[in-house]
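Visitor: fold the following, please.
(chains A and B)
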Protein chains: 2
Amino acid sequence: MSAFTRFTPLIQSLPSTIPFVGPEAIERQRGRAIAARIGANESGFGPAESVVQAMREAATGTWKYADPENHDLKQALATRLGVSAANIAIGEGIDGLLGQIVRLVIEPGMPVVTSFGAYPTFNYHVVGHGGRLVTVPYVGDREDLDGLLAAVKKENAPLVYFANPDNPMGSWWPAERIVEFAKALPETTLFILDEAYCETAPAEALPAIDAFIDMPNVVRTRTFSKAYGLAGSRVGYVVTTPGTAQAFDKIRNHFGMNRIGVAAAVAALADRDYLATVTARIAHSRERIAEIAQSNGLSPLVSATNFVAIDCGRDAVYARAIVDTLMSDHGIFIRMPGVAPLNRCIRVSTGPQAEMDLLEAALPNVLAKLAGGQ
Amino acid sequence: MSAFTRFTPLIQSLPSTIPFVGPEAIERQRGRAIAARIGANESGFGPAESVVQAMREAATGTWKYADPENHDLKQALATRLGVSAANIAIGEGIDGLLGQIVRLVIEPGMPVVTSFGAYPTFNYHVVGHGGRLVTVPYVGDREDLDGLLAAVKKENAPLVYFANPDNPMGSWWPAERIVEFAKALPETTLFILDEAYCETAPAEALPAIDAFIDMPNVVRTRTFSKAYGLAGSRVGYVVTTPGTAQAFDKIRNHFGMNRIGVAAAVAALADRDYLATVTARIAHSRERIAEIAQSNGLSPLVSATNFVAIDCGRDAVYARAIVDTLMSDHGIFIRMPGVAPLNRCIRVSTGPQAEMDLLEAALPNVLAKLAGGQ
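Guide: Predicted coordinates:
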């Protein structure tokens, strides 16, 4: 296949890859519609009705570019968080922001520290900018903070990433351990604290918003994709110092935000009742998933996120067979971690009762089928 | 202001800039609402009613990420254009795609050829990746194709950009000259043919879709932001060879598209009647702008786009005064080219009759005020 011959050497070295296969692609490959979409940590509970209404009202205005300064959204976030708008940078979801952060810091060959088996899209951006991944194994299904810190120091790494609460395991560290980690870092290491799942986490897992607000080497990433139910809107943000926040203006696509998406985010922040309601529903769904797992002899991990990792007690081949059979026989879309030992688990996103009912009905059949096939 | 100290040297050399000040920022700065938004080459005619309806229907589905393969949109485009889906790459507007293209090709210090005064956002991306801009002056308010080709060859440049029809001047070259330019390029030079305004151009300005379809060093960029009235949706696409199209998969944000925006683009392609209607309205509005200019003693340039550049017959200071006074006294937002000699002109986007009426009423007052102020 003929491609342009003079892409940069770095580009030529990269695969035309994708960090995750999307559920629509799975539907096309298998010729089967998904009955329960509980694999991508989206929120099947959806956005608030007030947010749906705000999006519908914004539809006629979409002939206009969004405000490149994202003024209103920054103000709304600043008010909610108790920081200044200057502490905030807005981007096309955390995925987009991670790409920008990597570009701000990484030149080819530089080491980047993350956990082995953590967020593949972060790794994708690191590799895409020529960074060298230095991975630290999970310990007890949690990120190994001491190990990450040691790797940073050993490598003199300019960038370290982890999520708290964690994806794909759902585990978390208490706030004081996160603060301790940040303060122990060299000032020349940028720490990405991914808090995509902060809304569903216990308060003890979240450092105070001012815990790092004067540390230019800490960026906290957050999103409207999870609890707020707006994955398709692509709105994420960073909280950091004004100086570090301003660096995003050097490289971001200033007119890159979707106007309806921004309107949705502003409306979502205003509907605090819905956030309380939906996080309760997510917590309830976590319990339901755990019960379903246990009643099938599997071991759910405690989760602070909108998903539950379930230890299936065997190896990755077995976990993969469960994932594949849930989809092929029942149209239930879930995912699983990518590397050992995490990949003894499957990962099920929380969702409405109908999806949970489908899972509850299907899982015994899948496990029985796999047992019969041994 | 404290920023992280270890951003890359390239990043540290960049300003926290923005290619354009947005109209919302102008409103905030001046404390005055915009009465006529005819400066950013958006389409005040809006998207089709069928598209608004499609967006409203898509609102409840926005808890899902968009399909990372953009399958349905690619298929719809392929069918419409008469190419394969493999010839297409989708991105967050042409701005986003330009950033990706620059990243695919440019390493620090490499020369990039464009016209002096052409699209600032392209230049922003080039500088952001450390490229060295090599600019060729416009000749007769058109891109100088011979000059661009000579600059490419002299510099052995890996990348050359121009728009046809052109922004900010609205001028165009006939298709055969564009084809001639492309075929004369070295295979080691990637040619970005920006066709953002193709829907409003005469047929003679558009090379056949298969004119370059086997040339891996030509990428045509198109958008739903202009004639389709979906600037706020951020959906653009590239037409090129399958090999070159696949390179975007190496670096793009696979889950970066807004789900409602994609639905809007698919719906827009299906409503061919609206496209015919709106391009007629745009053409009519171009004539109206030209008449307003002429009746005020100014010289409109012939345009193939959704805007008209108007030669104000004097210098940039005068043109800037017209732009500023239209806004300050009348709330009319227009823009102007950034460099000489183009900046003797102002640039007015087409729009509905109400906006044209405001312009018609305001312009004589503005010119009289400026004449009185001499």
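Visitor: residues contacting the closest residue to chain B within the stretch 251-374 of chain A?
Guide: As assessed by C-beta to the nearest C-beta, chain B sits closest to A:Arg259 within the stretch 251-374 of chain A, at 3.0 Å. Every residue, glycine included, has its C-beta placed from N, CA and C. A:Arg259 makes contact with A:58, A:61-62, A:64-66, B:231-233 under the criterion C-beta atoms under 8 Å, 6 or more residues apart in numbering or on different chains.
Visitor: one more time with 6 Å
Guide: A:62, A:66, B:232 (C-beta atoms under 6 Å, 6 or more residues apart in numbering or on different chains).
Visitor: and which of those residues is nearest B:Arg28?
Guide: The closest of the contacts of A:Arg259 to B:Arg28 turns out to be A:Ala66 (C-beta to C-beta; 14.5 Å).
Visitor: near chain B, which residues of the stretch 151-300 of chain A show up?
Guide: Proximity of the stretch 151-300 of chain A to chain B is confined to A:158, A:188, A:190, A:216-217, A:229-234, A:241-244, A:246-247, A:249-251, A:253-256, A:258-261 under the rule C-beta under 6 Å from any C-beta of the partner chain.
Visitor: and these, which are buried?
Guide: Buried members of those, scored by 16 or more other C-beta atoms under 10 Å in any protein chain shown, are A:158, A:190, A:216-217, A:229-234, A:241-242, A:244, A:247, A:249-251, A:253-256, A:258-261.
Visitor: in strands, which of these fall?
Guide: A:Leu190 (DSSP state E).
Visitor: does stretch A:54-66 come close to chain B?
Guide: Yes. Using C-beta under 6 Å from any C-beta, we find that stretch A:54-66 touches chain B at A:55-56, A:59-60, A:62-66.
Visitor: could you give the average pLDDT over that stretch?
Guide: Mean per-residue pLDDT for stretch A:54-66: 98.
Visitor: how about residues contacting that stretch?
Guide: Contacts of stretch A:54-66 (C-beta under 6 Å, 6+ apart): A:255, A:257, A:259-260, A:262-264, A:267, B:42-43, B:46, B:52, B:55-56, B:59, B:229-233.
Visitor: repeat that for stretch A:111-125.
Guide: By C-beta under 6 Å, 6+ apart, stretch A:111-125 touches A:19, A:95, A:98-99, A:102, A:126, A:131-138, A:143, A:148, A:151-152, A:155, A:157, A:159-162, A:167, A:337, A:339, A:342.
Visitor: helices and strands around the helix or strand containing A:Asp329, which ones?
Guide: Taking DSSP states H and E as the definition, one finds A:Asp329 inside helix A:316-330. Counting contacts by 3 or more C-beta pairs under 6 Å, 6 or more residues apart in numbering or on different chains; DSSP states H and E, helix A:316-330 is packed against strand A:345-349, helix A:353-372.
Visitor: rerun at 7 Å
Guide: helix A:23-30, strand A:345-349, helix A:353-372 (3 or more C-beta pairs under 7 Å, 6 or more residues apart in numbering or on different chains; DSSP states H and E).
Visitor: from the chain's centroid, how far away is the helix or strand hosting A:Thr221?
Guide: Element membership of A:Thr221, judged by DSSP H and E, is strand A:218-223. Offset of strand A:218-223 from its chain centre (C-alpha atoms, centre = their mean, to the nearest Å): 11 Å.
Visitor: how about stretch A:68-77?
Guide: For stretch A:68-77, the distance to the chain centre is 22 Å (C-alpha atoms, centre = their mean).
Visitor: and that stretch, C-alpha only, in CSV?
Guide: Written as CSV, here are the backbone C-alpha positions of stretch A:68-77 (Å, rounded to 0.1, in the frame of the first residue of the first chain):
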residue,chain,number,x,y,z
PRO,A,68,-11.4,29.1,22.1
GLU,A,69,-10.8,30.4,25.6
ASN,A,70,-13.4,28.1,27.0
HIS,A,71,-14.2,30.9,29.3
ASP,A,72,-17.6,29.8,30.7
LEU,A,73,-16.6,26.2,31.3
LYS,A,74,-13.4,27.3,33.0
GLN,A,75,-15.3,29.7,35.2
ALA,A,76,-17.9,27.0,36.1
LEU,A,77,-15.1,24.6,37.0
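Visitor: in it, which residues are buried?
Guide: For stretch A:68-77, by 16+ other C-beta under 10 Å, it's A:68-74, A:76-77.
Visitor: that one and chain B, are they touching?
Guide: Yes. Residues of stretch A:68-77 contacting chain B under C-beta under 7 Å from any C-beta of the partner chain: A:68-69, A:71.
Visitor: where does pLDDT dip in chain A?
Guide: Along chain A, segments meeting pLDDT under 70 span A:1, A:373-374.
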